[in-house]
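Colleague: Generate a structure from the sequence data that follows.
(2 chains)
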Amino acid sequence: MKRDDTNIDEILKQYLPRASREDIEAAGETVLKRIREMRFQAEAAAAAEEKNAAKNTPDAGWLHDFHIGLLMAVEELQGYGKPVSITLKMEEILEEPIVWGTAVFLNLLLMERMGLVSSSAIDPDKPKELDQRYFAITQSGREAMAKALALRQRAADRIRRPRFA
Amino acid sequence: MTTATQETGMKQQEFEKLFAQHGEMVYRAAYSVTGNKHEAQDIQQDVFVMLIDQGRTLEFTKNPAGYLFRTAVNKALESFRKRKRRKETDDGLEPLLGVPSHGNPHQDDMRERLRLAIAKLEPEQIEILLLSVDYGYTDFQIAKMLGKTRNAVAVMLHRTRARLKELICREREVENR
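Modeller: Okay, the predicted model is just below:
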C-alpha cells in the first residue's frame, strides 16, 4: 500500500493564494472609487439639482390675475384641459363672463415655453393641431403660482395694516 | 430624481465606514478562493453594492464581519465554479484559473489542484479554513465570528482538512491515470 505523504497544512501554507498588501490596497482604491461613482455620485448630483431648482424658482412678480387664473384653471383640470375648457374654467375662477380665448391660447404657448405648463397631443396622429392638446401645470408652474399668490397676500396685508399704529 | 441610496437609506458615510472596516477581509477571502485579483475586485464590489442596494445599515446585523465574509466566500465560489464550467465548455479561450504561471509546473499543478479541491468544499468549510489558515485566527476567534461554539469549529476544521486532503489525493489520482 502506498504511503499517504500529503501534508495538508504544508500545502495550504505554500499554495493557498494570498493577496499581497499592494493588491489589497490597489483593489480597495479602485472598488471604492467605482462604488462612489455608481451609487453616490447620482445622489450628490440629485441634491445639487434640487438646490439649483430651488434657486431657479421662476420670478412670479410679472404674473397678473389673468395669468394666475390661467394657471389655476390648468391645475384644476388636472392635465385634461384643452384651450377651450381652460378658457371656460378661467371664467369661472375669475368670475368674469367673457375671457378672450385667443389670449388664453397665446399665454398657454408662452407659459409652455417658460416651463410653467406642458402639453401633449390628444390624438397622437395630429400632433400639430395646437388647439387639440391637453395642458398640465408643471412643478415650476405650481411654484410660480404659489409665489405670486403669496406676494398678493402680503400686499393685501400691508394695505389692511393701519398706517399710524 | 430618486437614487437607490435615497430609497434604501444607506448613506455614503456609513458605506465608507463599512468598507474601511471590512473591505480588505472581503477582498482577501475572494482572492483566496478565486486566485485571481480582477475577479476578487469584482466580488468585493458586488458584495458592497449588494449591501447598499438592499438598504443595509451598520446595524443590519450583530455581526457584519461574519455576514460579509460569508457573502464574499459564496460569491467567490459561485464565480470560480462558473469560470470552471465556462472553461470546460469553451476550452482554450481562457486559462482555467486565470492565474499567472509561477514558472514551476509542479507548483502550478499543486496550486490548481488545491483551488479545485477548495471549490468542492462547502462554503462553511471554506470560511473556517480561510479564517484559520489565511488569517491565523484561533478556534475561539472563529467561533465568535461565525456564531458557533469553539468545539464545533474545532471539529469542523479537522473534518475540512481531512476532506481537502482526500480531494487533493483524488485529483492527483485522476491526473496520474
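Colleague: Helices of chain A, residue ranges please.
Modeller: For chain A, applying DSSP state H gives helices covering A:8-15, A:21-35, A:41-55, A:65-76, A:83-94, A:101-114, A:139-160.
Colleague: sec struct for B:Gly136, please.
Modeller: Secondary structure assignment for B:Gly136 (DSSP: H, G, I helix; E, B strand; the rest coil): coil.
Colleague: ok, back up a step: present the helices of chain A as a markdown table; the columns should include mean pLDDT, distance to chain B and mean neighbour count.
Modeller: Every C-beta, even on glycine, is put in place using the N, C-alpha and C of the backbone. Listed next are the helices of chain A as a markdown table, based on pLDDT from 0 to 100; distance: least, Cβ to the nearest Cβ, whole Å; neighbours: other Cβ atoms under 10 Å in any protein chain shown:
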| stretch | mean pLDDT | distance to chain B | mean neighbour count |
| --- | --- | --- | --- |
| helix A:8-15 | 89 | 5 | 15 |
| helix A:21-35 | 93 | 5 | 16 |
| helix A:41-55 | 66 | 5 | 12 |
| helix A:65-76 | 89 | 23 | 21 |
| helix A:83-94 | 87 | 30 | 18 |
| helix A:101-114 | 86 | 22 | 16 |
| helix A:139-160 | 80 | 13 | 14 |
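Colleague: now B:Val133, nearest residue through space, not along the chain?
Modeller: A:Leu12 (4.8 Å; Cβ to Cβ, 6 or more residues apart in numbering or on different chains).
Colleague: show me the contacts for the one you found.
Modeller: With contacts defined as Cβ atoms under 8 Å, 6 or more residues apart in numbering or on different chains, the neighbours of A:Leu12 are B:114, B:129, B:133, B:164.
Colleague: so which of the residues you listed is the most crowded?
Modeller: With neighbours taken as other Cβ atoms under 10 Å in any protein chain shown, the top of these is B:Leu129, carrying 24 neighbours.
Colleague: So that one sits against B:Ala162, correct?
Modeller: No: counting by Cβ atoms under 8 Å, B:Leu129 does not reach B:Ala162; the two are 11.6 Å apart.
Colleague: after the lowest-mean-pLDDT helix or strand in chain B comes which helix or strand?
Modeller: Least confident helix or strand of chain B, by mean pLDDT, DSSP states H and E, is helix B:4-8 with a mean of 47. Downstream of helix B:4-8, the first helix or strand assigned by DSSP states H and E is helix B:12-34.
Colleague: touching chain A at all, the helix or strand that that following helix is followed by?
Modeller: Moving toward the C-terminus from helix B:12-34, the first helix or strand encountered (DSSP H and E) is helix B:37-53. Yes: counting by Cβ under 8 Å from any Cβ of the partner chain, chain A has neighbours in helix B:37-53: B:37, B:40-41, B:44-45, B:48-49, B:52-53.
Colleague: Now do the buried residues in helix B:37-53.
Modeller: B:37, B:39-49, B:51-52 (16 or more other Cβ atoms under 10 Å in any protein chain shown).
Colleague: Just give me the residue closest to the centre of chain B.
Modeller: Centroid-nearest residue in chain B: B:Val73, 2.7 Å away (criterion: Cα atoms, centre = their mean).
Colleague: For that residue, which residues are in contact?
Modeller: Contacts of B:Val73 (Cβ under 8 Å, 6+ apart): B:29-30, B:33, B:123, B:126-127, B:130.
Colleague: One more pass at 7 Å, please.
Modeller: B:Val73 is in contact with B:29, B:33, B:123, B:126-127, counting by Cβ atoms under 7 Å, 6 or more residues apart in numbering or on different chains.
Colleague: As a markdown table, those with neighbour count would be great.
Modeller: Shown next, in a markdown table, are the contacts of B:Val73 (neighbours: other Cβ atoms under 10 Å in any protein chain shown):
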| residue | neighbour count |
| --- | --- |
| B:Ala29 | 30 |
| B:Val33 | 30 |
| B:Pro123 | 16 |
| B:Ile126 | 23 |
| B:Glu127 | 23 |
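Colleague: and which of these is nearest to chain A?
Modeller: Checking those against chain A by Cβ to the nearest Cβ gives B:Val33 as the nearest, at 8.1 Å.
Colleague: Ignoring the adjacent residues along the chain, who's closest to that closest one?
Modeller: B:Ala76 (3.7 Å).
Colleague: can you pull the contacts of the one you found?
Modeller: So B:Ala76 contacts B:29-30, B:33-34, B:43 (Cβ under 7 Å, 6+ apart).
Colleague: For chain B, give me the ranges with low pLDDT.
Modeller: B:1-9, B:56-61, B:87-103, B:175, B:177 (pLDDT under 70).
Colleague: domains of it?
Modeller: B:1-86, B:105-177 (automatic domain parsing).
Colleague: Comparing the ones you listed, which comes out most buried?
Modeller: Between these, domain B:1-86 has the highest mean count of neighbours, a mean of 19, where neighbours are mean count of other Cβ atoms under 10 Å in any protein chain shown.
Colleague: Please save the CA atoms from stretch A:65-76 in PDB.
Modeller: Below are the C-alpha coordinates for stretch A:65-76, written out as PDB (Å, rounded to 0.1, in the frame of the first residue of the first chain):
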ATOM      1  CA  ASP A  65     -54.600  88.000 -12.200                       C
ATOM      2  CA  PHE A  66     -55.100  86.800 -15.700                       C
ATOM      3  CA  HIS A  67     -52.000  84.500 -15.600                       C
ATOM      4  CA  ILE A  68     -52.700  83.300 -12.100                       C
ATOM      5  CA  GLY A  69     -56.300  82.400 -13.200                       C
ATOM      6  CA  LEU A  70     -54.900  80.600 -16.200                       C
ATOM      7  CA  LEU A  71     -52.500  78.500 -14.100                       C
ATOM      8  CA  MET A  72     -55.300  77.800 -11.600                       C
ATOM      9  CA  ALA A  73     -57.600  76.600 -14.400                       C
ATOM     10  CA  VAL A  74     -54.900  74.400 -15.900                       C
ATOM     11  CA  GLU A  75     -54.300  72.900 -12.400                       C
ATOM     12  CA  GLU A  76     -57.900  72.300 -11.700                       C
END
